[in-house]
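**Q** how does the following fold in three dimensions:
(one chain, ligands or ions: 1)
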Amino acid sequence: MLKEFRTLLPYYKTYAGRYAMGFLFLFITDAGQLYLPQLIRSVIDHISAGNVDLSLVGMKVLFMVGIAFLVAVGRFGWRYYIHGASRKIEKRLRARLFGHLLTLSPSFYGRISTGDLMARATGDMHHVRMASGMGFVALFDGLFMTLFIIAIIVFQFPQLALIVLAPFPLITLQVLGIGRFLGRLFKAVQEGYASLSSHVQEALSGILVLKAFVREDSNLKVFSGKNEDYKHRNLALVRLWGFAFPMIHFLGGIVTLLLLRFGGMSVLEGGMSPGDFVAAMSYLAMLIWPMLGMGFTVNMLERGGASLARINAILREEPEIRSPEEGVCCPQAGPIEVRDLSFTYPGSRVPALRNVSFTVRPGQTLGILGRTGSGKSTLIRLLPRLLDTPPGTVFISGRDVREYELSSLRSSFGIVPQETFLFSSTLSDNIAFGVDDAPREAVEAAAEASTISRDIRLFPHGYETEVGERGITLSGGQKQRIAISRALLTKPEILVFDDALASVDTSTEESILEGFIDLRRGKTNILISHRVSTLKFADHIIVLEEGAIVQAGTHEELIAREGFYAEIANLQRLEEEESA
Ligand SMILES: Nc1ncnc2c1ncn2[C@@H]1O[C@H](COP(=O)(O)OP(=O)(O)OP(=O)(O)O)[C@@H](O)[C@H]1O
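**A** Just a heads-up that it's a prediction; the model follows:
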């Protein structure tokens, strides 16, 4: 468990000063607490001796108030420094985790659910903070107080030492024994939490589908199962903790009884003064806390270790697609060559692409047609290395895409994906997403080009209208046109439409494409579509079937030839004639 904390060593070093200050204040608090029974003892002995000197008692009481004040200042001080350090560490670790998540390849997100990641970034992070804050305090406090109280008891009340210290080995064994179980149970609780939050996250993201299929009740049932499971996992923890905690109290209670019996007798027989007795009782009461503190320490460190293990598992994930050590910057306007490209998804037995070869000259528009699942999206994801492009298969301006610095390669592309994602922000922010500080005129020009500007004018706050969870809901076609504007605004060397006009009607499609061809003159474009009405704007078209190119040519050439393209063109012409 402790090895998991290695991740935090650099942060502990950074905040070593804060921890040192915190422990200094903790030392002041503990020293003050340890000294108070000595003062009480001397006041009681003074009074019980019968020679009451009120000014002396008053002085000692004043001194006690002073020490109590020091203890209060000490408590503020350690909280300020140690909790402060643990909050700063939590912030840094969270930033590191989020930064790391952004570097991971899309395939990673196919393996792990968003809810699980959220649980690691929130619940687990909380336990790591607790371990680095209260966990350390309990550890220091437990060790310091235990050692000093034992020393004081052995030196000042040797006749009581055996009674007070006898149950210690038992308590230590108990605390260490349950520590191992606790770690396992905490891990199970965190996993239960991750599964529960994954379920809630998915249900809420897919709420429309859930309602459309009237699956509220069955979903609630699954949720209740997970909720119940989470409760059970927590209760297992509560049972173990609930057993251990009172056991320590019970052992402490027995020692108090023994102390009352033997200490009381000793006072009556004159072996101990009443002040000694009261002081011994105070130290015993104080000893209970470090004993429990040991339990707390184990509890919090185990919890923190289990959570840190879950965070470390993510931090250890390596991005599958990396930028080369000395990557070449910025692909220049040049041809895109795909040479004998075959690709099989990891874990799949069927290749998604087979021996695909083609060239798109700069300034050309390539059209891609293919049945669903024929490999179109896979092909365009391989061009900017959104998937791990095999070496020697994709070249831009004569250079293998694997030689380019990754971010410069990707920024030369503008991709309008099949499924549009809009952020919970304004329309203007969504359009300007790919460009820092885009001027308003550029945003409006991009909106004009995709024809979404007409709709925006009708929205209550125009470009400042909020979309997504906090604002209006857009139609599928409106979302697609926002995504088109977003890609156009970045003025990419290569623009890809992955079936990006599927949700707009044919007349809107036509006006978008006419404006688009004009705007993109001299730049390279790739249009994936199921519609021949889109593909006819392309200079060259390839037809994919089961991952292989089965036809290639211009619109006119393909129409004139027998094959899938001509079949689709005919079907769509008939459909248009029927609906006309
Ligand atoms: N992440 C993945 N892991 C494994 N197989 C995948 C993955 N993504 C796609 N595939 C498979 O690869 C093949 C090609 O998929 P792809 O998404 O490229 O098809 P497409 O032509 O774009 O289809 P559509 O027109 O329906 O979007 C399909 O058989 C699909 O099941």
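**Q** C-alpha only now, for contacts and for neighbours.
**A** Noted.
**Q** from the middle of its chain, how far away would stretch 234-254 be?
**A** When C-alpha coordinates are averaged (Cα atoms, centre = their mean, to the nearest Å), stretch 234-254 and its chain have centres 33 Å apart.
**Q** and that stretch, C-alpha only, in CSV?
**A** Provided in CSV are the C-alpha atoms of stretch 234-254 (Å, rounded to 0.1, in the frame of the first residue of the first chain):
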residue,chain,number,x,y,z
ASN,A,234,-20.0,0.2,2.9
LEU,A,235,-21.7,-1.8,5.7
ALA,A,236,-19.0,-4.4,5.6
LEU,A,237,-16.6,-1.6,6.3
VAL,A,238,-18.9,-0.2,9.0
ARG,A,239,-19.1,-3.6,10.7
LEU,A,240,-15.3,-4.0,10.8
TRP,A,241,-14.7,-0.5,11.9
GLY,A,242,-17.7,-0.7,14.3
PHE,A,243,-16.1,-3.7,15.9
ALA,A,244,-12.6,-2.3,16.1
PHE,A,245,-13.5,1.1,17.5
PRO,A,246,-15.5,0.0,20.6
MET,A,247,-13.0,-2.7,21.3
ILE,A,248,-10.3,-0.1,21.7
HIS,A,249,-12.7,1.9,23.9
PHE,A,250,-13.5,-1.2,25.9
LEU,A,251,-9.9,-2.0,26.6
GLY,A,252,-9.3,1.6,27.5
GLY,A,253,-12.3,1.4,29.9
ILE,A,254,-10.9,-1.7,31.6
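**Q** nearest spatial neighbour of the residue in the stretch 151-300 of the chain positioned nearest to the ligand, skipping sequence neighbours?
**A** When scored by Cα to the nearest ligand atom, the stretch 151-300 of the chain has E202 as its residue closest to the ligand, at 18.6 Å. Leaving aside its chain neighbours, E202 sits nearest to G115 (7.6 Å; criterion: Cα to Cα, 6 or more residues apart in numbering).
**Q** surely F413 meets L386?
**A** No. Using Cα atoms under 8 Å, F413 is not in contact with L386; the gap is 11.1 Å.
**Q** between these two, which is the more surrounded one?
**A** Using other Cα atoms under 10 Å as the criterion, F413 and L386 rank with F413 on top: 21 against 16.
**Q** what bridges to that one?
**A** As for beta bridges, F413 partners with I494 under DSSP bridges.
**Q** per-residue confidence at it?
**A** Per-residue pLDDT puts F413 at 91.
**Q** and it, what does it touch?
**A** If you count contacts by Cα atoms under 8 Å, 6 or more residues apart in numbering, F413 has them with P384, P492, E493, I494, L495, V496.
**Q** the ligand: which of the residues you listed is nearest?
**A** Once Cα to the nearest ligand atom is applied, the member of the contacts of F413 that ends up nearest the ligand is V496, at 12.7 Å.
**Q** can you tell me the SS state at the closest one?
**A** Classification of V496 using DSSP: H, G, I helix; E, B strand; the rest coil returns strand.
**Q** surely it and I526 touch.
**A** Yes. In this structure V496 lies within contact range of I526 using Cα under 8 Å: 4.6 Å.
**Q** interface residues of the stretch 151-300 of the chain facing the ligand?
**A** The stretch 151-300 of the chain has no residues near the ligand, with proximity defined as Cα under 6 Å from any ligand atom.
**Q** show me the helices in the stretch 151-300 of the chain, by range?
**A** With DSSP state H, counting those that start in this stretch as the criterion, the stretch 151-300 of the chain has helices at 158-165, 168-205, 207-212, 216-268, 274-315.
**Q** quick one, which of these gets closest to E325.
**A** Closest approach to E325 among these (Cα to Cα): helix 274-315, 20.7 Å.
**Q** from the contact counts, what lies against the helix or strand just after that closest one?
**A** Using DSSP states H and E, the next helix or strand after helix 274-315 towards the C-terminus is strand 336-343. Counting contacts by 3 or more Cα pairs under 8 Å, 6 or more residues apart in numbering; DSSP states H and E, strand 336-343 is packed against strand 353-360, strand 394-396.
**Q** tally up the residues packed near I549, please.
**A** 21.
**Q** looking at it, it is touching V543, isn't it?
**A** Yes. Using Cα under 8 Å, I549 makes contact with V543 at a distance of 5.6 Å.
**Q** give me the number of residues near the closest residue to S42 other than its chain neighbours?
**A** Leaving aside its sequence neighbours, S42 sits nearest to G275 (Cα to Cα, 6+ apart; 6.3 Å). Residues within reach of G275, counting by other Cα under 10 Å, total 22.
**Q** and G275, what does it touch?
**A** I40, R41, S42, V43, I44, D45.
**Q** next up, the contacts around the residue nearest to E202.
**A** Contacts for G115 (Cα under 8 Å, 6+ apart) come out as A194, S195, L196, S197, S198, H199, V200, Q201, E202.
**Q** tabulate these (TSV), appending pLDDT and neighbour count.
**A** Shown next, in TSV, are those (pLDDT from 0 to 100; neighbours: other Cα atoms under 10 Å):
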residue	pLDDT	neighbour count
A194	82	23
S195	88	21
L196	90	23
S197	86	22
S198	84	20
H199	90	20
V200	90	16
Q201	84	17
E202	85	14
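**Q** wasn't D45 part of a strand?
**A** No. Using three-state DSSP, the secondary structure at D45 is helix, not a strand.
**Q** and it, how close does it get to E269?
**A** According to Cα to Cα, to the nearest Å, D45 and E269 sit 16 Å apart.
**Q** and for E337?
**A** Plainly put, E337 is 102 Å away from E269 if you go by Cα to Cα.
**Q** nearest to F69 among the helices of the stretch 151-300 of the chain would be which one?
**A** Closest to F69 of the helices of the stretch 151-300 of the chain, according to Cα to Cα: helix 274-315, at 18.4 Å.
**Q** which strand or helix spans the nearest residue to S195 once chain neighbours are set aside?
**A** Leaving aside its sequence neighbours, S195 sits nearest to D116 (Cα to Cα, 6+ apart; 6.5 Å). D116 belongs to helix 114-119 when assigned by DSSP H and E.
**Q** elements contacting the very next helix or strand once past that helix?
**A** Note on helix 114-119: by DSSP H and E, the next helix or strand toward the C-terminus is helix 125-130. Helices and strands in packing contact with helix 125-130 are listed as helix 84-103, helix 274-315; criterion 3+ Cα pairs under 8 Å, 6+ apart.
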